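Chemist: Need coordinates for the following:
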Amino acid sequence: MSKFPQSNGNEASIKKEDEDSFKEKIHLEIKKEPEEEPLSSVDDEINQKIPLLDEDFSPLSGVAFCHNILKKSHFKPLHQMNFPVSLHQYLPSRYVPATVICRGKTWDMMFYGDSRSKRFDSSSWRDFVEENGLKIGDALFWEVMEDNEDEVKLKVQIIKGDWPLELEGKGSSKSPITIR
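Modeler: The predicted structure follows:
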């Protein structure tokens, strides 16, 4: 289980259900930890360097949503963001404009709803990836905010998959590392 702090003192954790499968199930819990003194100044330094969770991370509103753990195919050379079949019924079935909302900004993209694998155009997706500094292992939580046959509006929340180098090789299942 990976735990990620938020700037407001909350903590989010992600647990992979099945390490051997291509299909990954994510459990996301957000809970408030009691106020405690930091274990060391290293903890504070790590938390300031690496924003692992969007500051505007919010609960899903209950409309259609999905998640992706970014893989090599989301990056060079393909730059493809395909949506899972479970979300297809909530997405347009034509080539339409798409608006992606993330971290207080919007990105205008084109959405290929008429293809077998519903996805964004590669050029716009590449721009989004680069502007948000996305890497393999980052988690994206997509929520359909508005859908019709003329356009689609999606909100996305990012959980960074970075693991601080200062903690590499430290900790185990018997002696976990607590990041505050």
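
Chemist: which residues in the protein form strands?
Modeler: 2-5, 10-16, 26-32, 65-69, 95-102, 105-112, 119-120, 139-147, 152-159 (DSSP state E).

Chemist: Compare the mean pLDDT across these and name the weakest.
Modeler: Across these, strand 26-32 has the smallest mean pLDDT, namely a mean of 48.

Chemist: how far away is Gly137 from Met110?
Modeler: To Met110, Gly137 is 27 Å away according to Cβ to Cβ, to the nearest Å. In this view, the C-beta of every residue, glycine as well, is placed from N, C-alpha and C.

Chemist: no no, Gly133
Modeler: From Gly133 to Met110 the distance is 23 Å (Cβ to Cβ).

Chemist: list the buried ones in stretch 88-105?
Modeler: 90-92, 96, 98-102 (16 or more other Cβ atoms under 10 Å).

Chemist: related to what we said a few turns ago, and Gly133 and Met110? Which one has more around it.
Modeler: Shown here are Gly133 and Met110; by other Cβ atoms under 10 Å, Met110 has more neighbours (16 against 11).

Chemist: Number of residues surrounding the residue nearest to Met109 when sequence neighbours are not counted?
Modeler: Spatially, and ignoring its direct neighbours in sequence, Met109 is nearest to Ser124 (3.6 Å; Cβ to Cβ, 6 or more residues apart in numbering). Using other Cβ under 10 Å, Ser124 has 18 other residues around it.

Chemist: So Phe65 is in contact with Leu154, correct?
Modeler: No. The pair Phe65 / Leu154 is not scored as a contact, 9.3 Å apart, by Cβ atoms under 8 Å.

Chemist: Great, nothing more from me.
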